[in-house]
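[1] sequence and computational prediction follow.
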Amino acid sequence: MTPDETTSTQPSDRRGALVVGASGITGSALVRHLIGDGWDVAALSRRAGSRDGVRGVAADLRDPDALRAALAGERPTHVFFTAWQRQATEAENIAVNGAMVRDLLCALEHAPLEHVALVTGLKHYLGPFEAYAAGEMPDTPFHEEEPRLDTPNFYYAQEDELFAAAERQGFTWSVHRSHTVIGHAVGNAMNMGLTLAVQATIAKELDLDFVFPGSEAQWNGLTDMTDARLLAEHMVWASTTPEGANEPFNIVNGDVFRWRWMWPRLAAHLGVDPARVVGYKDEPRPLEEQMAPYESSWASIAERHGLAEPDITRVASWWHTDADLGRAMEVVTDMGKSRDAGFTGYRRTEQAFADLFARYREGRLIP
């Protein structure tokens, strides 16, 4: 039986979700969405605690024995896998992240699994970090039927482990290929929304320019993004709808924009003086270089405003925003497959940013 032929053999009259990576941007949004829909939710993370009707499960995804012990009493019908761990090389990324999917699903062989949803991303089309947007790629907009690139990629390894487990254990699956995900989380390795908010805060506090860090292609070309709330809706839809079974899907907000249009609007939402807003000029100005002289100021800014997180490394991921905004190509994603299958969710990206900045202020992450 191939993954496409796999069907659920463990029907259940209840829906129990295990969210893997529950403290991350996507996992946090999923937990909120599932609780709102009345699911029984268990949240797996390294340091888990039960809260607001969510049962915490503490386990290290890189320790198969610990996973088996932690999950021995869990019987989810649905798994939402949103975790990954960045390694020094793509070979290590493949070994570690592929094994995490494999070991997690092996530890749930006793469970009545109906569906497993896996989050990946556009590196499926763009290539891994080591060859990011550097080799031969399909034309944009990206479509799900594009063949895999001829280069090692940990997303492919994760998919293969998912397909093998689905065939072995008899559940359906879905893969969700998001673009840059923005949402509410702290300490996340890939968090453009909070990173830009921190950049703007430092610029205001130190009377600096709010400088676009990326490439000319990103400044002038079309792009799109993914709101974590919409990604959560998409994953639950695919997990509970026959049309979502055994399919990979792109998932983006549904609008497109140019950063030359978006940048001054984000600055306005963040309270930056319009005279201090600077777009692309001559060459990229990566945040890792821009912000290095000013990182030490964050602790005093946090103290002055009573912010919740004085450690800048937990609120800003310069490298990730530089990678996304530094691409020398336009990146647009096709959502036709999801639309044809019945998913009609949509977010306007500017409003998604505005909502996010409001939540950051409410949570005392920015002034």
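    Okay, I see it. Numbering: from 1, shown residues only.

[2] got a pLDDT number for the residue nearest to Trp318 when sequence neighbours are not counted?
    With Cβ to Cβ, 6 or more residues apart in numbering as the criterion, Trp318 has its nearest non-adjacent residue at 4.0 Å, and that residue is Leu287. C-beta here means a position set from N, CA and C on the backbone, and glycine is covered the same way. At Leu287, the pLDDT value in this model is 98.

[3] run a quick neighbour tally on Leu287.
    A count of nearby residues for Leu287, using other Cβ atoms under 10 Å, gives 25.

[4] now do the phi/psi pair for it.
    Backbone torsions of Leu287, given as degrees, to the nearest 10, read phi -60, psi -30.

[5] my guess is Phe249 meets His143, correct?
    No. If you go by Cβ atoms under 8 Å, Phe249 and His143 don't touch, sitting 10.9 Å apart.

[6] the more surrounded of the two?
    A side-by-side neighbour count of Phe249 and His143, using other Cβ under 10 Å, places Phe249 first with 21 against 15.

[7] do you have the helices of the stretch 1-150 of the chain handy? List them.
    25-36, 64-71, 90-106, 123-126 (DSSP state H, counting those that start in this stretch).

[8] give the rounded mean pLDDT of the third one.
    What it means is helix 90-106. The average of the pLDDT scores along helix 90-106 is 97.

[9] can you pull the buried residues of it?
    Using 16 or more other Cβ atoms under 10 Å as the burial criterion, the residues of helix 90-106 that qualify are 90, 93-94, 96-106.

[10] and which of these is nearest Leu126?
    Taking Cβ to Cβ as the measure, Glu90 is the one of the buried residues of helix 90-106 closest to Leu126, at 13.0 Å.

[11] any stretches of the protein with poor pLDDT?
    1-14, 49-50, 133-134, 189 (pLDDT under 70).

[12] which parts of it are strands?
    If DSSP state E is used as the criterion, the strands of the chain fall at 16-20, 40-45, 54-58, 78-81, 115-121, 172-178, 181-182, 210-211, 222-223, 226-227, 247-251, 257-258, 277-278.

[13] which stretch among the ones you listed comes nearest Arg339?
    For those, distance to Arg339 was read as Cβ to Cβ. The smallest value, 10.2 Å, belongs to strand 247-251.

[14] could you measure from the residue nearest to Asp322 when sequence neighbours are not counted over to Ala164?
    Once flanking residues are discounted, Asp322 sits nearest to Pro286: 4.3 Å by Cβ to Cβ, 6+ apart. Noted for Pro286: a distance of 39 Å to Ala164, by Cβ to Cβ, to the nearest Å.

[15] ok, these two, which is more surrounded?
    Summary of the neighbour comparison: Pro286 and Ala164, criterion other Cβ under 10 Å, with Pro286 having more neighbours (18 against 14).

[16] now do the same contact list for that one.
    Shown in contact with Pro286 (Cβ atoms under 8 Å, 6 or more residues apart in numbering): Pro213, Trp318, Asp322, Gly326.

[17] need those in TSV with distance to Gly135 and neighbour count, can you?
    Formatted as TSV, the entries for the contacts of Pro286 read as follows, by distance: Cβ to Cβ, whole Å; neighbours: other Cβ atoms under 10 Å:
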residue	distance to Gly135	neighbour count
Pro213	23	23
Trp318	25	21
Asp322	20	21
Gly326	16	18
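
[18] for Gly36, state which of those residues is nearest.
    Of all the contacts of Pro286, Trp318 has the smallest distance to Gly36: 33.4 Å, by Cβ to Cβ.

[19] quick one: contacts for that closest one?
    With contact taken as Cβ under 8 Å, 6+ apart, Trp318 is in contact with Thr195, Pro286, Leu287, Glu288, Met291.

[20] residue most distant from the centroid, the chain?
    Note on the chain: the largest C-alpha distance from the chain mean falls to Ala275, namely 32.7 Å (Cα atoms, centre = their mean).

[21] quick one: it and Leu196, what's the gap?
    Ala275 is 19 Å from Leu196, where distance means Cβ to Cβ.

[22] please report how far the residue most central in space within the chain lies from His33.
    The centre of the chain sits closest to Val181, judged by Cα atoms, centre = their mean, with a distance of 4.5 Å. Distance, Val181 to His33, using Cβ to Cβ: 14 Å.

[23] now do Leu266
    With distances taken as Cβ to Cβ, Leu266 is found 25 Å from His33.

[24] repeat for Gly306
    Gly306 is 30 Å from His33, where distance means Cβ to Cβ.

[25] so which of these two has more stuff around it?
    His33 (22 against 8).

[26] that one against Arg229, yeah?
    Yes. Between His33 and Arg229 a contact is recorded at 7.1 Å, counting by Cβ under 8 Å.

[27] just checking, the residue nearest to the centre of the chain touches Ser28?
    No. Val181 lies out of contact with Ser28 (Cβ under 8 Å); the separation is 11.0 Å.
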